[in-house]
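**Student:** model the structure of this input:
(chains A and B)
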Amino acid sequence: RKEVEQDPGPFNVPEGATVAFNCTYSNSASQSFFWYRQDCRKEPKLLMSVYSSGNEDGRFTAQLNRASQYISLLIRDSKLSDSATYLCVVYSGNTGKLIFGQGTTLQVKP
Amino acid sequence: SAVISQKPSRDICQRGTSLTIQCQVDSQVTMMFWYRQQPGQSLTLIATANQGSEATYESGFVIDKFPISRPNLTFSTLTVSNMSPEDSSIYLCSVDVDEKLFFGSGTQLSVL
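**Tutor:** Numbering: from 1, shown residues only, chains lettered A, B, ... in the order given. As a prediction, this is how the structure comes out:
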């Protein structure tokens, strides 16, 4: 089993749609959680951190469920420019490592 | 945040040759990280480059294949040695600022 698992997609949605991605992690000692965005042939860029209480940044909402060991990313009112791969990243304090998921590809169509 | 300049951005190399990738950071950082991202895959950590000591390699990666230099707190190089087509990948350097990773723009390597 992978330490961090994501559905690779692709998720094909029309503009304006709401789309959600989930990510599960296996290490219960994981401490920090992030969503990164990676455009085609570009480096990953931090989209947002994920806090226990959930957090929102504009059209993006991230949530953490420690009991079930998953995090989610919700994108409202999808834009064409949201088309990218979204990477789930988990930091485990006991290993001191950041583990990347495979990524979920989103394609927003007009 | 951090600004990282990575070069070359891409290269096409012959089997058996070596390529050195450079990363320059706009501020001093304790650790720099080197990742590999194979097509359709997630990022895999190759090694952590520490200034003043040998790099720490992850399982499956060895110094002879991926020698790393870290001469100061703003610069690091990764060499991909004796390349084979299996080394074709994107190589990324990154730094940790407040537990958030910032990446260089990546080096897309193709080995013929």
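**Student:** from memory A:Leu80 sits against A:Leu106, does it?
**Tutor:** No. With contact defined as C-beta atoms under 8 Å, A:Leu80 does not count as touching A:Leu106 (10.7 Å). (Each C-beta comes from the backbone N, C-alpha and C, glycine too.)
**Student:** of those two, which one has the most company?
**Tutor:** A:Leu106 (21 against 10; other C-beta atoms under 10 Å in any protein chain shown).
**Student:** where's that one, which helix or strand?
**Tutor:** Per DSSP states H and E, A:Leu106 falls inside strand A:104-109.
**Student:** what's the weakest-modelled helix or strand in chain A?
**Tutor:** strand A:97-100 (a mean of 87; mean pLDDT, DSSP states H and E).
**Student:** parallel or antiparallel, which strands does that one pair with?
**Tutor:** The strands beside strand A:97-100 in its sheet (DSSP bridges) come out as strand A:84-92 (antiparallel).
**Student:** just want the angle from the strand it pairs with to strand A:104-109.
**Tutor:** 150 degrees (axes from the mean of the first three to the mean of the last three C-alpha atoms, to 10 degrees).
**Student:** pLDDT of strand A:84-92, averaged?
**Tutor:** The average pLDDT for strand A:84-92 rounds to 93.
**Student:** kindly report the same for stretch B:61-71.
**Tutor:** For stretch B:61-71, mean pLDDT is 96.
**Student:** tell me which residues in that stretch are buried?
**Tutor:** Neighbour-count burial for stretch B:61-71, counted by 16 or more other C-beta atoms under 10 Å in any protein chain shown, picks out B:Phe61, B:Lys65, B:Phe66, B:Pro67, B:Ile68, B:Arg70.
**Student:** which positions in chain B make contact with chain A?
**Tutor:** With the criterion set to C-beta under 8 Å from any C-beta of the partner chain, chain B comes near chain A through B:40-45, B:92, B:99-106, B:108.
**Student:** please repeat the previous calculation with a cut-off of 6 Å.
**Tutor:** For chain B, the residues in contact with chain A (C-beta under 6 Å from any C-beta of the partner chain) are B:Ser42, B:Leu43, B:Leu92, B:Glu99, B:Lys100, B:Phe103, B:Ser105, B:Gly106.
**Student:** which strand residues bridge the residue nearest the centre of chain B?
**Tutor:** Of all residues in chain B, the one closest to the mean position by C-alpha atoms, centre = their mean is B:Trp34, 3.6 Å from it. Beta bridges link B:Trp34 to B:Ala47, B:Cys93, judged by DSSP bridges.
**Student:** now swap in A:Val90 and tell me
**Tutor:** Applying DSSP bridges, one finds that A:Val90 bridges with A:Phe33, A:Ile99.
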